[in-house]
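J.: Provide a 3D model corresponding to the input given below.
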Amino acid sequence: MKYLFGPVPSRRLGVSLGVDIIPLKVCSFNCIYCEAGKTTELTIERKEYIPIQEVVAELKEYLDHQPELDFITFSGQGEPTLNSGLGAIIRFIKDHYPQYKVAVISNGSLFWQESVRNDVMKADVLMPSLNAISRHAFHYINRPSRHLNIDKILEGLIKLRKVFTGKIYVEIFLVPGLNTSEKEITLLKAQLKLIKADIIQLNTLDRPGIISSIKPLDREGLETAQWLLAPLPVEIIAKAGTRKQIQSFNKDLEKQILDILKLRPCTDLELCEILNVHLNELNKYLSVLCEQDSIESEEQERGIFFKLKNNSQD
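T.: This next block holds a predicted model:
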């Protein structure tokens, strides 16, 4: 499959079939923590980046076999709401395979556009991110297109909640020293009250992003943020290792990654090519292996390389 990946073990959605409708790496943000790498086309222009009829054909071929799935999830290597055909694909799924739930994982930057809100109306769950309200923290973490500002984004999320009848899960990615102070969390809380999300999910670094020097927030920091956001419905997303409890976790793929890294360090894109897996799918397994302390990363001239930890060589 060219545009479908998985099913992958998602800690938020269970067994999830991924649908990627944006080329690597077209996005409206260039987030410092992004596991897909640096944005190569920073834009807010909506167009048919991937041929919609080809995506529909792949979905039909796959879903006709009636696989067991918890969700069909639009995510991938860029911002899915940039594809102007998103609504048409969601409608195809709901019209022909209504037994499946649809989720859209988004950076939340484009819901101020009415066309984007209309496109997601038939989804079951929307999962936008909102990492910071202050101008400094927002720009440092998300590094948005020059056509975006935080006020426009907040306006879009508030409008979305007024018309969308499904569930909205807002993810906050916490970066120590940038959006973790009481002041920053208080600013977020005020806006989250207006957005009225069903769940607010606190997340932090699983594995290196664009800037390898940023570190994950420890458990105490996550719990402090959760306390500051109370009584809003806040949960801390479980550690990556819990993915192994999901039935779709592929132990063979995990072993293949380790076997390759025994031979030499590799970048994530090299591993994708060798294993013939989608970057998003690979990232699930790299996150688990990092969490287990089986592998480590090292920034080199050609990018971030993954290698076995010394204690994992045998």
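
J.: since we're on residue 270, how many residues are nearby?
T.: Neighbourhood size, residue 270 [other Cβ atoms under 10 Å]: 16. For every residue, glycine as well, the C-beta is placed using N, CA and C.

J.: which helix or strand contains it?
T.: Following DSSP states H and E, the helix or strand that holds residue 270 is helix 268-275.

J.: let me see the ranges of the helices in the stretch 101-250 of the chain.
T.: For the stretch 101-250 of the chain, helices defined by DSSP state H, counting those that start in this stretch occupy the ranges 114-119, 135-142, 150-163, 182-195, 219-229.

J.: kindly export the third one (C-alpha atoms) in PDB.
T.: It refers to helix 150-163. Taking Å, rounded to 0.1, in the frame of the first residue of the first chain, the C-alpha atoms of helix 150-163 are listed here in PDB:
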ATOM      1  CA  ILE A 150      -1.900  31.900  17.800                       C
ATOM      2  CA  ASP A 151      -5.100  34.100  17.900                       C
ATOM      3  CA  LYS A 152      -6.200  32.800  14.500                       C
ATOM      4  CA  ILE A 153      -5.600  29.200  15.600                       C
ATOM      5  CA  LEU A 154      -7.500  29.700  18.900                       C
ATOM      6  CA  GLU A 155     -10.400  31.200  16.900                       C
ATOM      7  CA  GLY A 156     -10.500  28.200  14.700                       C
ATOM      8  CA  LEU A 157     -10.500  25.700  17.600                       C
ATOM      9  CA  ILE A 158     -13.300  27.500  19.400                       C
ATOM     10  CA  LYS A 159     -15.400  27.600  16.200                       C
ATOM     11  CA  LEU A 160     -14.700  24.000  15.600                       C
ATOM     12  CA  ARG A 161     -16.100  23.000  19.000                       C
ATOM     13  CA  LYS A 162     -19.400  24.900  18.300                       C
ATOM     14  CA  VAL A 163     -20.100  22.900  15.200                       C
END
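
J.: okay, the angle between that helix and helix 182-195?
T.: 40 degrees (axes from the mean of the first three to the mean of the last three Cα atoms, to 10 degrees).

J.: now helix 150-163: buried residues?
T.: 150, 152-154, 156-157, 159-161 (16 or more other Cβ atoms under 10 Å).

J.: per-residue pLDDT, the residue sitting nearest the centre point of the chain?
T.: What sits nearest the mean C-alpha location of the chain, by Cα atoms, centre = their mean, is residue 105, with 5.9 Å. Looking at residue 105, its pLDDT is 95.

J.: what about the helix or strand following the helix holding residue 270, distance to the chain center?
T.: Note on helix 268-275: by DSSP H and E, the next helix or strand toward the C-terminus is helix 279-291. The chain centre lies 12 Å from the centre of helix 279-291; the measure is Cα atoms, centre = their mean, to the nearest Å.

J.: name the helices or strands packed onto helix 279-291?
T.: Helices and strands touching helix 279-291, by 3 or more Cβ pairs under 8 Å, 6 or more residues apart in numbering; DSSP states H and E, are strand 4-10, strand 14-20, helix 251-263, helix 268-275, strand 295-300.

J.: for it, list every residue counted as buried.
T.: Using 16+ other Cβ under 10 Å as the test for burial, helix 279-291 gives 279-291.

J.: re earlier: so which of the helices and strands packed on helix 279-291 is nearest residue 43?
T.: Residue 43 sits nearest to strand 14-20 of all the helices and strands packed on helix 279-291, at 17.0 Å, using Cβ to Cβ.

J.: now the strands for the stretch 51-200 of the chain?
T.: Counting by DSSP state E, counting those that start in this stretch, one finds strands in the stretch 51-200 of the chain at the ranges 71-75, 102-106, 125-128, 167-173, 199-203.

J.: hmm, back to that, could you dump the helices and strands packed on helix 279-291 to JSON lines with mean pLDDT?
T.: Converted to JSON lines, these look like this (pLDDT from 0 to 100):
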{"stretch": "strand 4-10", "mean pLDDT": "80"}
{"stretch": "strand 14-20", "mean pLDDT": "89"}
{"stretch": "helix 251-263", "mean pLDDT": "80"}
{"stretch": "helix 268-275", "mean pLDDT": "75"}
{"stretch": "strand 295-300", "mean pLDDT": "72"}
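
J.: next secondary structure after the helix or strand of the chain with the lowest mean pLDDT?
T.: Ranked by mean pLDDT, DSSP states H and E, the weakest helix or strand in the chain is strand 295-300, scoring a mean of 72. Counting by DSSP H and E, the next helix or strand C-terminal to strand 295-300 is strand 303-308.

J.: next one: residue 107 from residue 22, what distance?
T.: Distance of residue 107 to residue 22, given as Cβ to Cβ, to the nearest Å: 11 Å.

J.: perfect, that will be all.
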